[in-house]
Structures are given as structure tokens and as C-alpha cells.
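> Pasted the sequence and its predicted model underneath.
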Amino acid sequence: MIKTILAGYDGTVGAEHALARAAELAQAFRSKVVVVSVAAPDPVPTISGAFGLAAYYYPAATQVARIDEAVWQKHREHVEAFFARSGVTPEFAAVSGRPVEEILDVADEHDVDLIVVGTREPGLLERLLAGSVSQGVARRARCDVLIVHAPEESG
């Protein structure tokens, strides 16, 4: 049984598809929905690497000087409007820090049964250096994870 669903939301096309899938599942299973929006701190370059590439780290959430309240408010309003059409009332969690860790922390706090995250096809450099939030969540989650693929954008 799926009692609680967490959906990650960052305003991207992939996140929109994740919201849609979370709403569908919540209706089908009469589940509670928690939507988490993570304000990630800007990565700080640490060292220069080969071929002009740099290694990055993310400061701890306590080191984040600026929390983007305007973005969270915009996300909250969009999420509430989106779910109002489906008849589902989500809980909204606005957090700051590293996206993977924050999504997993909120999932643990709410004892979720399913995490729904969106993704897009990363470029080669992105795959080599960083991986993706959806991959990180899938590797480390203590519950099931549904990765919703966004269709490729035509240019």
C-alpha cells in the first residue's frame, strides 16, 4: 500500500511530469502527498582539474547565506494550483542544501512509501562529473523510487 508519496519539485519539465505522476498515484491509492522544493547552494569550486575542469563541493545548509524565499513561494503556489485540479491537497516542504540529501531527509521524516522524481537525459560531461539528483535518490533511498522521464525538448 502506498500511504505517502514524496515528489521532488524544482520547476523543470521533468519535475512537472513527476508532479503529474504523483497526483495520478495519489488519486489511485488515496495517498498523502509531500512535495519538496530544495534550494541548492551554489557549488564552490575547489580545485582545477584536467582539461580546465574544476571540482566542486556544496557548502552545508547552515553555510547557505541566502534562502530563496521568492522561488519557494512561486513553487508553492504552482504546486497548490497544480494539485487543486486533481483534488489532492499536498504538503509543501521548502528546504535548502544538497538536493539528494534533502529529498531523502524529508522522505525519512514523513516515512514515505514512494519518491517520485523527474529526470532528463544528462549530457556526457554531466554524467561524468556529477551524476543526477534522480540517480542519487534512487541509489540511496530506503523506499521505492519512481523516476519519470521528461520528453526531449525539440530545438
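Received the coordinates, thanks. Numbers count the residues shown, from 1 in each chain.

> What's the mean pLDDT across the helix or strand hosting Gly14?
Using DSSP states H and E, Gly14 sits in helix 13-29. Here helix 13-29 scores 95 as its mean pLDDT.

> what packs against that helix?
strand 4-8, strand 32-39, helix 69-84, strand 114-119, strand 144-149 (3 or more Cβ pairs under 8 Å, 6 or more residues apart in numbering; DSSP states H and E). Where you see a C-beta, it was placed from the backbone N, CA and C, and this is true even at glycine.

> Distance of the most centrally placed residue in the chain relative to Ala81?
Residue closest to the mean C-alpha point of the chain, counted by Cα atoms, centre = their mean, is Gly8 at 3.1 Å. Applying Cβ to Cβ, to the nearest Å, the value for Gly8 to Ala81 is 18 Å.

> pLDDT weak spots in the protein?
Counting by pLDDT under 70, the ranges of the chain that qualify are 41-67, 121-131, 152-155.
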